[in-house]
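Enquirer: have a look at this prediction, sequence included:
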Amino acid sequence: MVFSLATERLILEDMNSQDLADMQRLARDRNVMRYVLIWLENDEQVAGFVQHAIDEAAQASRRDYELAIRIPGTREFAGFAMLDIEPGQPTTAEVGCILLPDYWKNGYASEILRVLMVFGFETLSLHRVYGKCDDLNVASAHVLEKGGLRYEGTIREHVWLRDHWRSSRYYGMLAGEYLAGQ
């Protein structure tokens, strides 16, 4: 059975082998990958990522939700979203999404964040959900803040990312904060 979440305008569902070509297209787009801290530098890494998503979806004790973002009706691939439960910390998860440029600036990222927060807090009973973004990625920081996550700090120049030292901004929300906002 395929896991899925629905928003007003999108379907987030388990990846399948047909998503490989779309993930390769996403990974090859320099504008998309500019700030992304996932090593998808070549077709082998992309294939491994998609296979991990497929394998994880089959696990009874699933920890990673790597989901294809699709447009209802056409089933067009718009990107991918993730909610990954921290190893050794089963009450904490990271959320995020990467969209193809055709889907930027339409409010999709905020919509995706909302449904991931509902799933994390209400279905998985998480205590903490966090997101992170490159310090230079103003658009992603705005989405996290708009979604109610609090800025928690910046880890400065902790990793070399393609062409620059990356500093990452961390944002988080606790279950009590989520419930208070409902």
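Expert: Nice, thanks for sending it over.
Enquirer: who touches the closest residue in space to N31 that isn't next to it in sequence in this structure?
Expert: In space, and not counting its chain neighbours, N31 is closest to P101: 6.0 Å by C-beta to C-beta, 6 or more residues apart in numbering. To be clear about C-beta, it is placed using only N, CA and C from the backbone, and glycine gets the same treatment. Contacts for P101 (C-beta atoms under 8 Å, 6 or more residues apart in numbering) come out as D29, N31, V32.
Enquirer: any idea how far the second one is from D102?
Expert: Same thing as N31. N31 sits 11 Å away from D102, going by C-beta to C-beta, to the nearest Å.
Enquirer: quick one: contacts of the lowest-mean-pLDDT helix or strand in the chain?
Expert: The weakest-scoring helix or strand in the chain, judged by mean pLDDT, DSSP states H and E, is helix 30-33 (a mean of 86). For helix 30-33, the surrounding residues in contact (C-beta under 8 Å, 6+ apart) are L26, A27, L40, I98, L99, L100, P101, R162.
Enquirer: let's have these in TSV, adding secondary structure and pLDDT.
Expert: Below are these laid out as TSV (DSSP: H, G, I helix; E, B strand; the rest coil; pLDDT from 0 to 100):
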residue	secondary structure	pLDDT
L26	helix	91
A27	helix	91
L40	coil	82
I98	strand	94
L99	strand	95
L100	coil	95
P101	helix	93
R162	coil	75
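Enquirer: distance to I71 added to those residues, as TSV?
Expert: Below are those laid out as TSV (distance: C-beta to C-beta, whole Å):
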residue	distance to I71
L26	15
A27	20
L40	22
I98	16
L99	11
L100	11
P101	15
R162	29
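Enquirer: lovely, talk soon.
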